[in-house]
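> Task: produce atomic coordinates for the following.
(4 chains)
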4 protein chains.
Amino acid sequence: EDAVFFEGIDAISFNANAGPTESLVYKHYNPKQEVYGRSMEDWLRYSVCFWHTFRGTGADPFGFPTLVRPWDDGSNSMANAKRRLRAAFEFFTKLGVKYWTFHDRDIAPEGSTIEETNRNLDEIADLALKLQEKTGVKLLWATSNLFAHPRYMNGAGSNPDARIFSYAAAQVKKCLEVAKRLGAENFVFWGGREGYHTLLNTDILREQNHLASFFRMASEYKKKIGFTGTLLIEPKPKEPSKHQYDYDAMTVIAFLKTYGLDKEYKLNIEPNHTTLAGHGYEHDVVMASAFGMLGSVDSNTGSPDLGWDTDQFPMDIKNCTQVMRVILDQGGLAPGGLNFDCKVRRESTNLRDMFISHIGAMDSFARALKCAAKIKEEGVFTKYVKERYSTFDSGIGQKIEQGTTSFEELEKFAMENGEPVAVSGEQEHCENMLNYYV
Amino acid sequence: EDAVFFEGIDAISFNANAGPTESLVYKHYNPKQEVYGRSMEDWLRYSVCFWHTFRGTGADPFGFPTLVRPWDDGSNSMANAKRRLRAAFEFFTKLGVKYWTFHDRDIAPEGSTIEETNRNLDEIADLALKLQEKTGVKLLWATSNLFAHPRYMNGAGSNPDARIFSYAAAQVKKCLEVAKRLGAENFVFWGGREGYHTLLNTDILREQNHLASFFRMASEYKKKIGFTGTLLIEPKPKEPSKHQYDYDAMTVIAFLKTYGLDKEYKLNIEPNHTTLAGHGYEHDVVMASAFGMLGSVDSNTGSPDLGWDTDQFPMDIKNCTQVMRVILDQGGLAPGGLNFDCKVRRESTNLRDMFISHIGAMDSFARALKCAAKIKEEGVFTKYVKERYSTFDSGIGQKIEQGTTSFEELEKFAMENGEPVAVSGEQEHCENMLNYYV
Amino acid sequence: EDAVFFEGIDAISFNANAGPTESLVYKHYNPKQEVYGRSMEDWLRYSVCFWHTFRGTGADPFGFPTLVRPWDDGSNSMANAKRRLRAAFEFFTKLGVKYWTFHDRDIAPEGSTIEETNRNLDEIADLALKLQEKTGVKLLWATSNLFAHPRYMNGAGSNPDARIFSYAAAQVKKCLEVAKRLGAENFVFWGGREGYHTLLNTDILREQNHLASFFRMASEYKKKIGFTGTLLIEPKPKEPSKHQYDYDAMTVIAFLKTYGLDKEYKLNIEPNHTTLAGHGYEHDVVMASAFGMLGSVDSNTGSPDLGWDTDQFPMDIKNCTQVMRVILDQGGLAPGGLNFDCKVRRESTNLRDMFISHIGAMDSFARALKCAAKIKEEGVFTKYVKERYSTFDSGIGQKIEQGTTSFEELEKFAMENGEPVAVSGEQEHCENMLNYYV
Amino acid sequence: EDAVFFEGIDAISFNANAGPTESLVYKHYNPKQEVYGRSMEDWLRYSVCFWHTFRGTGADPFGFPTLVRPWDDGSNSMANAKRRLRAAFEFFTKLGVKYWTFHDRDIAPEGSTIEETNRNLDEIADLALKLQEKTGVKLLWATSNLFAHPRYMNGAGSNPDARIFSYAAAQVKKCLEVAKRLGAENFVFWGGREGYHTLLNTDILREQNHLASFFRMASEYKKKIGFTGTLLIEPKPKEPSKHQYDYDAMTVIAFLKTYGLDKEYKLNIEPNHTTLAGHGYEHDVVMASAFGMLGSVDSNTGSPDLGWDTDQFPMDIKNCTQVMRVILDQGGLAPGGLNFDCKVRRESTNLRDMFISHIGAMDSFARALKCAAKIKEEGVFTKYVKERYSTFDSGIGQKIEQGTTSFEELEKFAMENGEPVAVSGEQEHCENMLNYYV
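Numbers count the residues shown, from 1 in each chain, chains lettered A, B, ... in the order given. Purely as a prediction, here's the structure:
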């Protein structure tokens, strides 16, 4: 029970002067350091995901597992599940993160009946609770894995078969209960199989209606049991399905609005999903925030030249800074956080690569926070953008914003004022300014 | 006034037995032939667009104009505008289409003031009305060009400058009036500059709010003047802007729902835009129809290996069939239609290429209509899909659809029924069936 | 030994009049039917791949196996390997294909030493030889799996470690020997891990040099043992590696030319790889054939809106026709063939989906062959294209082709002849002509 | 003749302490500062392109020109051409770059005959020579515009018409002569129309053969007139053509090797083209350099979420650093350079945006040079990579590199040495190390 899984690796500390090859040290992330009025750890709310970091094997569609972990015997036993969980909490603690996330099926093995599965989950939850209390690490969010088991191959809440829909409902019901018990601050839905592979066999409207029922009942059950975490939907455009119903932020918003669910759910945005949907890295974070729907962020990245989800650790300071600017603007992410839905490359087979990769990502976002804070504090961009829209602050512009004018009045204004002169967008000037800070 | 612009080209007729090199003949499109209970022309409602076909020059970002039209002297004169219009109506008539579409600035030159511009537009509208009456060709829709003039470089309804917003309002106001006069059955908004190039200089929320005001006022003015055409928004993900607010069907639905405009607007879907947004060819047509928002279709295509809008003539029978199945399913497109927002390749410099390209597209959709009708009549797919969802027709499935169950009841059902067996999706079987018909 | 694995499924026969829901029948593929001077089976040389069809499990990066085959107990035992092989030959025979393909590690389990692995492979090869002789099914090609085992995670012939390079050499050596024994008509190299994930840790030139050594030694060993099959390299741009050295046809040609290997190797083109490289479906088939390098085709397809290798069964008649035109033009593919490197969707879980999917693909290429033959026989495109280049058949054009002119002479010619008139490319006319045949 | 075109803008100076909104100053580019053994300007060899910066209008496929330059009256007159050239040299001088580049048709208007066109070009070249001598600005390269005029719509060297081929030959002949006179250090070929739009009307092999003839004659003529600049081909995958023959670096190398032209030509790599071909930003720079073919770089960037050539100013320090590492590794780019084939956004309408954009790009590459130099000087990566391949420095690895071993010997080695252990690729560690420097 007191086994040490990461021998030779101490708690990661901060040293601003460490050199390039020193890899088990933070050069930027200094949790208690105050930045823009709060501690770094308060702004960043880092979370480690259990699935990639403790269930990832390095297998890919063309290759067998490469990642061998000494504590994991590869079995589905409860004992193995418990060892993994203990190793995970040692990892969280040594890394110094305050949050973790999991799928129900990551942490506890599926049994041969729902009842057995639930008992397994409860037993593991007992241990998780104990470890949470012991370490102070908290649960950012839980989620149900409704995509890995063959029964869900045609979807869960959008499955053509009502029996599978029911099965999924039972699974989410239990997971909500466990989330409540573990004090989860959120609960996430990612619908990797909610979508279609071919329209030839699909009734899209019926599937969307069913999915909406599913979400409505989840929200009702949450309230019934007094779970106070935020419900979040995570958009992804495709993979594993050819087309997923939760394509991107705006698609999910359309769905929620159509079915009157937009007060019950917010969004968990993953930038690697955003770029797969054809947008810029920070686009969905920006859109979700603008519409008051940004709940949490799966802070990872992809390779722009690859068409699938690589779930890489975020290492680009400029991209991270753009995300942090939005987070500062909306006053923080809480109860959401920055969850590292990231996996080490399958070639990164050393145990210490698990640390190095998270450290790299945490340092990237810590640098980004410092950059974003400086940008906010100096106010250069805020002032620039405000000035750009200043014609809407009074006169005819103000009437437009207030909804108190009409095409007739605007025509009159336009005729009286003559040809308006277009103003330079100064994109390169703005890019230079950003480079000053990054 | 009675000049003939396409000498040597007669009205295109139908001949099912024409050979491969006979290009000025329909081999499939036979307007009065009844298919699935209506005439072909009623189902298809073909429309020629004025901009590509009569204002397209073949210029591209790397090359000068290639398309020389004998009636067009290249000037911005009213006389030239009138000659173009006469040539167009000869073209519509010889081709045998019943509808046309235009942007305000295609048909009439912009003057130095709004007033002069409006006078030009009125004068051309007089001629258009005369030609419409003479030929029986009708206006499927009109639209305002809010993207070509430099004043709109930063957007129209989402421009950071209230003066340009007002100018755009004046332009749409006038165009709605002209649309009404010409009996337009719809009015389209395509927001090529409503979006952003860089987030660094952009206040997305404020821009979306302004755009919503713009659409609200357009709808109010439409009602005020008694214009009864349907208002349509045309989604496009990007180009010319880096990101356009009307990214795809679901994005526009999200926007309309957010601002309470979803009863006032429907969608004009262009498959070449759909594929640029990362979806399958017919995806947005299907989504818009499922949500009751499909108003009209810009029936063109792109090259899947190219990342920009090529506006090619649709020639793929399978793709066209998938679109026609949706149209048959929703009982037709009227008052919308199939508008050929297509341009001849800039290398297709012969005058007869204008005809050949439209004929090819019309024959493709006519074949597609016949295929789709046969599929519907034989009912193979309808029956297949209905059966696939049959567990939702009674019992627990029906309760899910009716919204009269809960996670607790579903859990009970799932526990009692044991592991559900996933059913084959049979995609390849469905693809084979489709190949039988196409 | 005489077990029947596909009970209730008879040999697939040809019936041109079968209806849309009749799925275990050929509607187009009639092997002995003569088309364009040869039998269909001679032109098409269909081959079933062992890996997808008998080792595919339906697992994907987000889901567990879905495909359960009654003969496969999931173990790595030799007995299981033999049952699979017997099932496969029953499948080949009932389907009526003349060829199969395999990776060494598909058919025989890896042992704990090279020697044991080789013994396993020999024992399975004995059975394969017996089954080949019994059924008349032949081996189109064999290949070594140099990507699935963790040892190859950083490449085989391009691995940074000489010990792994050596290990891969030993594996290919053995596989060449087995290929010879089984009468393989070709031997394929697909280098899924020959490439890089990050340039930061990679010496590209050294890796390319090593890879060239590997190919040179393979060719030398082939000659030494008297194996007469064609050596083929299969291009793929990315996946599993971020960048693969065999990106596309031209990249492999550049590599082969650089290292003087272009006489020893030809290409095995897979259209799903071609489209992932950003080209049109038939592009690499066309390029490889033009440069005399087309050896064989992995006849599959992808979804143009997906950025990974879906290995779908080819169902698009127009795409298949474009490939068959090239094959007719170069007088056939032999000793290559059309290998179905395709997998049933993971949702296509019925045993008969294995047949239906292959039948659909075989019917698609059979229709395509008939279309391509008709196009060739009627000569419309041949004549059209020849005419288009006719200025190179005599005069200054002929001198250009013969290399007997110079810039000075050409300038003189150009000055004397004045402004040349560009001729319409007539793309839409050509597309219409193709639609006549497809 | 002594007119000042950029009033109020002085020569741009270096000030490391300038603030974020100070835009007409270098914060990093300090031309005479020594970095890694040479001056910054020697390493960077910046060049301004004439076409975007002095002929760009801001027009795009959906919009009219937005960029109004006071010296340009929009006419094709020689006087206008001369004013533009004078303005350009003032710009080069104030900016402080040492090189420029042009297309023949940018600088001098086309006449109605080849002879007149050539006279125009000569007259402008006279002025250019005078301005070069006066300012010390030199010509990095010249190129012929073989894509804008309608005559080239179907290609130049690959045109189906021998008369147009000849016309193109005459144009290049003249441009080579002018390049020689102006002391061009290179001559570039970019074949935007050398490719196809549809394979239906194209004889690919014949077109490639013709193109090879064209390049062979260009090289012969170059030698004949004693022009000593390097001939460069610039790859681009697509746009304006659907497929371009010079798809990427390896494709051009395949072409050059096939036709025996690889000693006569090198490559001019443009990263925005590289990313459009599906590669990482620096990929083609790396490949070309590894194969000894990197001649020059068009230092720009694109947006990874856009599928067309945006020719943006490079602002990403990490990307620029990766390019500079290659340039340092190969000992510099001379006689090539970093040419800004970049255009201000069409919304960047201020005259000073011309400066700001170039300054931003120059500062980005200057920062990148400093980062790359530090990386080289500290040797962290060099050492890391050398160690990774160390098994090839002796023993069996050395024999592989020397080509003195065989599959038999390697098999023996592998059998004796047992299962090799795969070594971690440590990608995240490498990424962290890079972040230390950038």
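
> Could you list the buried residues of the lengthiest helix in chain A?
Ordering each helix of chain A by length in residues (DSSP state H) puts helix A:351-378 first. Across helix A:351-378, burial judged by 16 or more other CB atoms under 10 Å in any protein chain shown covers A:351-376, A:378. For every residue, glycine as well, the C-beta is placed using N, CA and C.

> Please name the nearest non-neighbouring residue to the residue in the stretch 51-200 of chain A positioned nearest to chain D.
With CB to the nearest CB, the shortest gap between the stretch 51-200 of chain A and chain D falls at residue A:66, namely 7.0 Å. Spatial nearest neighbour of residue A:66, excluding adjacent residues (CB to CB, 6 or more residues apart in numbering or on different chains): residue A:58 at 3.5 Å.

> Spit out the contact partners of that neighbour.
Applying CB atoms under 8 Å, 6 or more residues apart in numbering or on different chains to residue A:58 gives the contacts A:65-67, A:346, A:349, C:150, C:153.

> hmm, try it at 10 Å
A:64-68, A:343-349, C:150, C:153 (CB atoms under 10 Å, 6 or more residues apart in numbering or on different chains).

> SS state for it?
What DSSP: H, G, I helix; E, B strand; the rest coil gives for residue A:58 is coil.

> List the contacts of residue A:93.
A:6, A:11, A:131, A:134-137 are the contacts of residue A:93 under CB under 10 Å, 6+ apart.

> Confirm it sits in a strand?
No: Residue A:93 is assigned helix when assessed by three-state DSSP, not a strand.

> Just the CA trace of stretch A:232-244, in CSV.
Only the C-alpha atoms of stretch A:232-244 are listed here, as CSV (Å, rounded to 0.1, in the frame of the first residue of the first chain):
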residue,chain,number,x,y,z
LEU,A,232,-20.3,19.7,-20.1
ILE,A,233,-20.4,18.5,-23.7
GLU,A,234,-17.1,18.1,-25.6
PRO,A,235,-17.3,18.8,-29.3
LYS,A,236,-15.3,16.8,-31.8
PRO,A,237,-15.9,16.8,-35.6
LYS,A,238,-15.0,13.3,-36.6
GLU,A,239,-13.0,10.3,-35.5
PRO,A,240,-14.0,7.7,-34.6
SER,A,241,-17.3,8.4,-36.4
LYS,A,242,-17.1,9.8,-39.9
HIS,A,243,-19.3,12.7,-38.7
GLN,A,244,-20.0,13.5,-35.1
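
> picking up where we left off before, could I have the buried ones of the contacts of residue A:58 as ChimeraX selection syntax?
Typed into ChimeraX, the line below selects the buried ones among the contacts of residue A:58, using 16+ other CB under 10 Å:
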select /A:66,67,343,344,345,346,347,348,349 /C:150,153
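
> what's the closest of the contacts of residue A:58 to residue B:170?
Residue B:170 has its nearest neighbour among the contacts of residue A:58 in residue A:343, at 54.9 Å by CB to CB.

> What helix or strand is the closest one located in?
Secondary structure assignment for residue A:343, by DSSP states H and E: no helix or strand.

> Isn't it up against residue A:313?
Yes: counting by CB atoms under 10 Å, residue A:343 touches residue A:313, with 8.4 Å between them.

> Overlap in contacts, those two.
A:300, A:357.

> Three-state assignment for residue A:281, please.
Per three-state DSSP, residue A:281 ends up coil.

> Contact partners for it?
Residue A:281 neighbours (CB under 10 Å, 6+ apart): A:271-272, A:274-275, A:301-302, A:304, A:314, A:316, A:318-320, A:322-323, D:304-305.

> phi, psi of the residue lying closest to residue A:246 once chain neighbours are set aside?
Among residues not flanking residue A:246 along the chain, residue A:235 sits closest, at 4.5 Å (CB to CB, 6+ apart). Main-chain torsions, residue A:235, degrees, to the nearest 10: phi -70, psi 140.
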